Structures are given as C-alpha cells and as structure tokens.
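K.L.:
need the 3D shape of this:
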Amino acid sequence: MWLVLTATYVFRGLRRKGTFRSDLKHEVAGPFASFVPLVGILLSSHYSQYLPPWGSWVCGAFIAALAIVAAQLLAHWVTAGVSMQSIHPGYLLPAVAGSFVASIGFSIIHAHDAAIATFGVGMFFWLLVGTVVTVRLMTGGELTPAAKPGLTAYLAAPAAANIAWMVSHPGPMGAVQLGLTGVLAIMTLLQVMLLAEYRKLRFTPAFWVFTFPVGATTNYAIRWLAATSLPGREVYAWTILGLATAFTLAIAARTAASRGSRTQRDKSHTVNEGG
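P.N.:
Purely as a prediction, here's the structure:
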C-alpha cells in the first residue's frame, strides 16, 4: 500500500512543476511529507536482513531522503516561511521523530556510530522545536480541527526515542532508558487527557496520523515488557498488541466506509443532475 501511494504521489508531483515544493510549504500538512521516507526507512531496515547488502543501501537512501526533506522544511521555517499561529505539534515529526526513526534504521543495518549521531540530532530538535511548538500551543489559541490529530506528536517523539535508544543499547536498562520511559509515560497520560478533544473531531483521512504514535508506543511497550521480569508480561504484551491492531483496523474500516459513502453520494448527485 505504501509503495502504491508513494508511486502515485511522485507520479502526480512530476506532472506538475512545483508540486513537491508547494506541499512542503503548506503550513498544516507540510511536515507530514516526511512520512514517505520515514515509512521507507522502517520497511527497508526490516527487510535488510533478508536482502543484504541491498537492503542496507536502500535504507541509507531513505535516511538521506528524510534528511533532505527535513532540511528543506527547516530552511523554510527559519526564513519566516510560517506564522506562529500555524505551528502545530506535527512540526515535531520531520526532525525529531524522523531522526529517531533514522537512528533505529542505522542500528538495524549495524551502523552504530551513525545511529548515535542521529539520536543526538533528534534530541537537539526535540528540545528546540518542542519548545517552539509548546509555546505556540500555550499562548497562540486553540488549534484548528484539521491540526489537532498532530497533538499525537507529543507521544510519537518519546516513543521513537525510546525504541532508538533501546535498539542501539541492548541489554539492561540504564538511566537514559528509564528517563525516556518516564517521559513516554507522562506523554501517554497527556493523550488520555486529550481523548475528549479527539472525540469532537469529524473523521477524515488525517486520522491515520494517530496510527504512528500508537504503533510506536505499542512497539516500545512490548520491548519494555520483554526486558522486565513482570509476571504475566506476555499476556500484557499480546493485549497491548491486540488493542493497537484493532485501533488501526478501525481507522482502515472507517476510511473505507467514508470513501464508499462519498462515492455513493457522488453517484446520486450525478443521477439527479441527469434527471
């Protein structure tokens, strides 16, 4: 599905000059352009173990693509390309969560030094961009409904950071891992407090943004449980995985249903016009 959607997006972009640049400059959706190379990193790094050395080269190419996209976005932002009012938590995705995912990719293809370097990049921008985003949210008024799913970036960043550090530092948990886990716990509680806000939103394809932090948090929770001696940890792990899978399937089903309803309305409208 990712290959089909990416190929469609690239093909349409190549047919219209300036499409990619315009998408990156979009004040709401711009940061989400990084999802294309980000998912590519996850897929290629996973399958690199079955396709050496090509898998590692492909993973490196996607990491480079993510770096280019993130650099273009940052260059646009720091040249007054966006207003403070338009900033939302999704701005954490390219340079923060993206850097942590790149660190995960480097660890999987056994580039340990590069994994630590990109983890440092993620921490730097987490502090930098995270401060700007939080100041905007606290002082700039309520987000638009279209931007509110981006609030889950507060969960995606620590979840990806935890996985990146754990993958690059296998073995017993140290102080850094425990500290990052604490951040993830409080950010999870924040998302629970925001459920009332999310329930007010009308369903749109932007709801797929929710699946990334849910998936990343589930990934780390299972890894964390496996590293502990907690009684019943396998039951907890399967339960968390089942809930996360059900959530993703619910988003997929709702997307299909809304698309079917829209198609039916279009057909009805066409028939009425013909009558």
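
K.L.:
contacts only, for residue 204.
P.N.:
Residue 204 makes contact with residue 146 under the criterion Cβ atoms under 8 Å, 6 or more residues apart in numbering. In this view, the C-beta of every residue, glycine as well, is placed from N, C-alpha and C.

K.L.:
only alpha carbons, please: show stretch 59-69 as CSV.
P.N.:
Below are the C-alpha coordinates for stretch 59-69, written out as CSV (Å, rounded to 0.1, in the frame of the first residue of the first chain):
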residue,chain,number,x,y,z
CYS,A,59,17.7,2.1,4.0
GLY,A,60,20.6,4.6,3.7
ALA,A,61,19.0,6.2,0.7
PHE,A,62,15.7,6.7,2.6
ILE,A,63,17.5,8.2,5.5
ALA,A,64,19.3,10.6,3.1
ALA,A,65,15.9,11.5,1.6
LEU,A,66,14.4,12.1,5.0
ALA,A,67,17.4,14.4,5.9
ILE,A,68,16.9,16.4,2.7
VAL,A,69,13.1,16.8,3.4
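
K.L.:
contacts for it?
P.N.:
Contacts to stretch 59-69, defined as Cβ under 8 Å, 6+ apart, come from residues 24, 33-34, 36-38, 40-41, 44-45, 48, 94, 98, 101-102, 105-106, 108-109, 118.

K.L.:
may I see the buried residues of that stretch?
P.N.:
Across stretch 59-69, burial judged by 16 or more other Cβ atoms under 10 Å covers 59-60, 62-63, 65-67, 69.

K.L.:
how about stretch 166-178?
P.N.:
For stretch 166-178, a neighbour-count test (16+ other Cβ under 10 Å) marks 166-169, 177 as buried.

K.L.:
and residue 79, what's its pLDDT?
P.N.:
Residue 79 carries a pLDDT score of 86 in this model.

K.L.:
residues near it, how many?
P.N.:
8 (other Cβ atoms under 10 Å).

K.L.:
equivalent analysis for residue 240, please.
P.N.:
Applying other Cβ under 10 Å, we find 16 residues neighbouring residue 240.

K.L.:
helices of the stretch 151-275 of the chain, residue ranges please.
P.N.:
For the stretch 151-275 of the chain, helices defined by DSSP state H, counting those that start in this stretch occupy the ranges 153-168, 175-193, 195-199, 211-226, 233-274.

K.L.:
just name the most buried of those helices.
P.N.:
Of all these, helix 153-168 has the most neighbours on average by mean count of other Cβ atoms under 10 Å, namely a mean of 25.

K.L.:
that one packs against which elements?
P.N.:
Helix 153-168 sits against helix 98-108, helix 112-139, helix 175-193, helix 211-226, with contacts defined as 3 or more Cβ pairs under 8 Å, 6 or more residues apart in numbering; DSSP states H and E.
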